[in-house]
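Q: mind looking at a prediction? Sequence and model below.
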Amino acid sequence: MINTYHSSVPSLPPPLPPRQSQVLIRPQASSVGRSKTLLRSLLGVAVLHLLLTAGGFAFLYSTGRTEKPPLLSEATFQQSSSRTLARMIVAKRAHLSTCYLEWDMKHSVRRNINYYHNSWLTVLQPGDYMVFSRVTFSKADPERPLASAVKVRRGESTDETVAMQAYCNIDASGSGSKPQLCTASTAEVISLERGNRLSLWVQDLSLVDYSQAATSFGMYKL
């Protein structure tokens, strides 16, 4: 039997399978690309986190520097400018007409407290005050113990009263080669009203040591 199914077109051979090298190269290239992209993303996140952290520290540091010093300086200013106090430095007088110590107003410190005749401190704000005094004597009194007293005058028409008193003693015989000193000190809380006046009294001004650190008088409002 004659085969009539015949064509003049030559038959094409089947396509060759892809080489193994081509199959392996493409997935490897794709994996490397994804790794590089992931690495870049992680690096970008790390850099962004570092920048945010540095910026946060810089903000906190700048905020602390700009806020804290004004608060401290403001508190210091308020404490030094508004607190009611006085610390009086003794001044040696040329005349000894009274027994009240006078104060060197140029070197004394007063805030919200007035003075009267260089001897009396005048209260401007009512309240409780810590009053303190220190009188150093360089000479003895042969008849009486050495004494100092803080006196208060409550009004213009009233006499002064003794609020605090202190004593000390020096050997009146004068025995010994070194000069003798003694200090009478006192401190107490006193309730005062506006207009009250205080002064420091001694029995004899000629017996006082007038060194600034040895004799002083002061008060401050609690």
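A: Cool, the structure landed.
Q: can you list contacts of stretch 170-188?
A: 130-142, 146-148, 150, 163-169, 209, 214 (CB atoms under 8 Å, 6 or more residues apart in numbering). (Glycine included, C-beta is placed from N, CA and C.)
Q: buried subset of the residues you listed?
A: Buried by 16 or more other CB atoms under 10 Å: 131-141, 146-148, 150, 163-164, 166, 168, 209, 214, out of the contacts of stretch 170-188.
Q: if we can go back for a sec, keep only those of the contacts of stretch 170-188 that are in strands.
A: 130-137, 146-148, 150, 163-168 (DSSP state E).
Q: show me where this structure has strands.
A: 85-91, 102-103, 109-111, 113-116, 120-123, 127-137, 146-153, 161-168, 182-192, 197-202, 216-221.
Q: as a markdown table, these with distance to Leu43 and mean pLDDT would be great.
A: Formatted as a markdown table, the strands of the chain follow (distance: least, CB to CB, whole Å; pLDDT from 0 to 100):
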| stretch | distance to Leu43 | mean pLDDT |
| --- | --- | --- |
| strand 85-91 | 64 | 93 |
| strand 102-103 | 76 | 92 |
| strand 109-111 | 64 | 93 |
| strand 113-116 | 70 | 90 |
| strand 120-123 | 74 | 95 |
| strand 127-137 | 68 | 96 |
| strand 146-153 | 79 | 96 |
| strand 161-168 | 78 | 95 |
| strand 182-192 | 71 | 95 |
| strand 197-202 | 77 | 95 |
| strand 216-221 | 65 | 95 |
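Q: winner for burial among the ones you listed?
A: Comparing the strands of the chain on average neighbours per residue, with mean count of other CB atoms under 10 Å, the densest one is strand 197-202 at a mean of 24.
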